[in-house]
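K.L.:
Sequence and predicted structure, then a few things I'm wondering about:
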Amino acid sequence: MGQNLILNMADKGFTVCAYNRTVSKVDHFLENEAKGKSIVGAHSVEELCAKLKTPRKIILLVKAGQAVDDFIAQLEPHLEKGDIVIDGGNSHFPDSNRRTKELESKGLLFVGSGVSGGEEGARYGPSLMPGGSNAAWPHIKEIFQKTAAQTDGEPCCDWVGEEGAGHYVKMVHNGIEYGDMQLITEAYDILKRGFGMHEKEIADIFERWNKGVLDSYLIEITTQILRYNDDDGTPLVAKILDAASQKGTGKWTATNALDLGMPVTLIGEAVFARCLSAIKEERVRASKVIGGPQIEPFSGDKKQFIDDLEQALYASKIVSYAQGFMLMREAAKTYGWHLNNAGIALMWRGGCIIRSVFLGDITKAYQKNPELENLLFDDFFNKAIHKAQPGWRRIVAQGALWGIPTPAFSTALSFFDGYRTERLPASLLQAQRDFFGAHTFRVLPQFANEKLKEGQDIHINWTGRGGNVSASTYNV
């Protein structure tokens with residue numbers, strides 16, 4: 001990533017100084033990939049800082065966590081007031097909040113920037129999501145926006161916001177990526193186990209989907225993966241251990257959603273699906289003792305079913321992004337950031353892993369109404385998801401009948417039904433909580449009276465036992 005980003009910046013007309021603690025790598029880089037380009041090397045942190053013009057702009061691409069703090073500590077003795085330290089790794093946003101404050105207190109500037117697109121994106125144009133010290137942006141804006149991917153003449157990079165806002169947006173981006181990948185694998189599982197299709201036939205379906213509303217990088221690479229055969233002609237994907245790993249950004253997104261009280265259910269299910277896959281040996285034992293339905297041959301219209309599956313994938317994707325933007329909206333309020341949803345969607349349109357035609361529609365929705373409460377309120381997405389509903393429901397139902405797990409499809413539909421429902425059974429839940437723990441509840445305005453007062457926290461003596469009054473009202 002670091003090497004490719006250096007080459008990218010050099011191609012855009014900037015002179016870059018490369019440093020790695022293994023100095024032999026620097027020399028090898030200069031003698032090979034960087035040869036003839038506007039790239040110089042450094043063999044120490046001190047030499048690196050000495051070769052940079054002020055205000056120095058130093059971007060770190062190291063493992064998140066303590067490694068970032070350790071490297072900043074090495075840099076500090078060689079920096080001057082106004083110099084800029086940029087963390088381009090997948091750091092957790094609270095760390096970026098802290099580092100911004102710490103470096104600003106010393107007269108330095110900090111930027112925590114999400115970088116998405118993998119090694120290819122770093123080389124030819126990633127999606128960049130910088131945030132941190134606002135004063136740093138004018139100094140790095142030209143470098144970042146020229147280095148980033150370009151979509152419709154616009155750079156896939158803009159200033160996100162204060163402190164850890166850049167890494168927060170990258171965290172949500174990665175959470176949405178978890179959701180997209182899980183949805184795609186569920187569609188594959190339904191076609192593979194439900195219909196017994198070969199990977200080549202499934203690849204043809206994904207290729208067709210990639211020409212419509214699902215046109216995206218992840219659908220594109222899925223098609224390529226399914227067509228890749230091992231030396232014996234067997235699809236390689238069929239030989240890969242079905243135990244998924246993770247680096248933590250999806251978990252951070254789900255945890256933050258719980259902290260902020262936001263129902264980001266699809267990303268949460270995508271994380272748990274990876275956790276379930278990881279207990280492979282236990283699942284193997286369970287498969288021998290726990291029964292379930294047999295997959296009966298499908299007797300309906302196969303073409304219609306595949307069309308339904310495409311609509312289920314599209315509708316669930318709409319829900320996933322709606323949830324992600326709900327979370328960012330709440331984060332902006334909670335942390336005091338000024339997040340631009342249209343700008344974020346534009347940053348994600350090119351260069352990054354979740355890039356897709358779909359994000360262009362999201363950009364338009366937020367450009368049309370920057371205060372849009374939820375993507376489901378936008379006319380375009382409202383019509384799209386209602387068109388998809390019948391097929392979406394048939395897919396979830398068929399998956400259940402077959403015993404094929406569809407956690408992402410199912411939770412997306414459950415969220416949709418819950419979100420569009422005026423009254424949920426949480427009324428009973430609150431009554432249960434009050435019964436066993438005096439947790440109190442509030443009454444609907446139309447049923448308020450002298451005993452059950454509107455806007456006040458109420459506790460009822462549900463059993464009538466003891467000397468308590470039948471109803472008590474508490475203000476908390």
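P.N.:
Sure, I can see it.
K.L.:
Helix, strand, or coil at the spatially closest residue to T265 that is not a sequence neighbour?
P.N.:
In space, T265 comes closest to T411 once its chain neighbours are excluded; the distance is 4.5 Å by Cβ to Cβ, 6 or more residues apart in numbering. Bear in mind the C-beta positions are built from the backbone N, C-alpha and C, glycine included. At T411 the chain is in helix, as set by DSSP: H, G, I helix; E, B strand; the rest coil.
K.L.:
how about T411, what does it touch?
P.N.:
265-266, 268-269 (Cβ atoms under 8 Å, 6 or more residues apart in numbering).
K.L.:
now swap in E373 and tell me
P.N.:
If you count contacts by Cβ under 8 Å, 6+ apart, then E373 has R329 around it.
K.L.:
if we can go back for a sec, can I get the contacts of T411 in JSON lines with distance to G399 and secondary structure?
P.N.:
As requested, the contacts of T411 are exported to JSON lines (distance: Cβ to Cβ, whole Å; DSSP: H, G, I helix; E, B strand; the rest coil):
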{"residue": "T265", "distance to G399": "17", "secondary structure": "helix"}
{"residue": "L266", "distance to G399": "15", "secondary structure": "helix"}
{"residue": "G268", "distance to G399": "19", "secondary structure": "helix"}
{"residue": "E269", "distance to G399": "14", "secondary structure": "helix"}
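K.L.:
can you pick the most crowded of those residues?
P.N.:
Using other Cβ atoms under 10 Å as the neighbour criterion, L266 leads the contacts of T411 with 32 neighbours.
K.L.:
Hmm, M181 and that one touching each other?
P.N.:
No. Using Cβ atoms under 8 Å, L266 is not in contact with M181, being 11.4 Å away.
K.L.:
just for the stretch 351-476 of the chain, where's the confidence low?
P.N.:
When residues are selected by pLDDT under 70, those of the stretch 351-476 of the chain lie in 466-476.
K.L.:
Tell me which stretches of it form strands.
P.N.:
457-460, 471-474 (DSSP state E, counting those that start in this stretch).
K.L.:
Just the CA trace of the first one, in CSV.
P.N.:
Meaning strand 457-460. The C-alpha coordinates for strand 457-460 follow below in CSV (Å, rounded to 0.1, in the frame of the first residue of the first chain):
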residue,chain,number,x,y,z
ASP,A,457,-42.1,8.0,33.8
ILE,A,458,-44.7,5.7,35.3
HIS,A,459,-44.3,2.6,37.5
ILE,A,460,-47.3,0.3,38.2
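K.L.:
tell me what it is packed against?
P.N.:
Helices and strands touching strand 457-460, by 3 or more Cβ pairs under 8 Å, 6 or more residues apart in numbering; DSSP states H and E, are helix 426-437, strand 471-474.
K.L.:
Name the residues of that strand that are buried.
P.N.:
Of the residues in strand 457-460, 458-460 count as buried by neighbour count, 16 or more other Cβ atoms under 10 Å.
K.L.:
With stretch 427-442 instead?
P.N.:
434, 440-441.
K.L.:
and if you look at stretch 303-319?
P.N.:
Applying 16+ other Cβ under 10 Å to stretch 303-319 flags 305-306, 308-319 as buried.
K.L.:
quick revisit: now render the contacts of T411 as JSON lines, adding distance to I176.
P.N.:
Formatted as JSON lines, the contacts of T411 follow (distance: Cβ to Cβ, whole Å):
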{"residue": "T265", "distance to I176": "13"}
{"residue": "L266", "distance to I176": "9"}
{"residue": "G268", "distance to I176": "12"}
{"residue": "E269", "distance to I176": "13"}
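K.L.:
Name the nearest residue to H439, ignoring sequence neighbours.
P.N.:
Closest to H439 by Cβ to Cβ, 6+ apart is R433, at 4.0 Å.
K.L.:
Now do the strands in this structure.
P.N.:
Per DSSP state E, the chain carries strands over the ranges 16-19, 39-42, 57-60, 84-87, 109-116, 127-132, 150-151, 154-155, 161-162, 457-460, 471-474.
K.L.:
Quick one: list the elements packing against the helix ranked longest in the chain.
P.N.:
What stands out as the longest helix in the chain, according to DSSP state H, is helix 302-335. Packing partners of helix 302-335 (3+ Cβ pairs under 8 Å, 6+ apart): helix 165-189, helix 199-209, helix 249-260, helix 265-278, helix 341-348, helix 358-368, helix 379-402, helix 407-419.
K.L.:
Recalculate using a threshold of 7 Å.
P.N.:
helix 165-189, helix 249-260, helix 265-278, helix 379-402, helix 407-419 (3 or more Cβ pairs under 7 Å, 6 or more residues apart in numbering; DSSP states H and E).
K.L.:
okay, these, which one's buried deepest?
P.N.:
helix 165-189 (a mean of 26; mean count of other Cβ atoms under 10 Å).
K.L.:
Roughly how far does the residue nearest the centre of the chain sit from D215?
P.N.:
Residue closest to the mean C-alpha point of the chain, counted by Cα atoms, centre = their mean, is G175 at 2.5 Å. Separation of G175 from D215 (Cβ to Cβ, to the nearest Å): 22 Å.
K.L.:
cool, T253 as well?
P.N.:
Separation of T253 from D215 (Cβ to Cβ) stands at 24 Å.
K.L.:
repeat for Y188
P.N.:
18 Å.
K.L.:
now swap in E373 and tell me
P.N.:
Separation of E373 from D215 (Cβ to Cβ) stands at 27 Å.
K.L.:
Could you do A412 as well?
P.N.:
20 Å.
K.L.:
for P77, same thing?
P.N.:
50 Å.
K.L.:
More neighbours: which of these two?
P.N.:
Remark: of P77 and D215, D215 carries more neighbours, 15 against 9, as counted by other Cβ under 10 Å.
K.L.:
my read: the more buried one touches G360, true?
P.N.:
No. Assessed by Cβ atoms under 7 Å, D215 is found out of contact with G360, at 9.8 Å.
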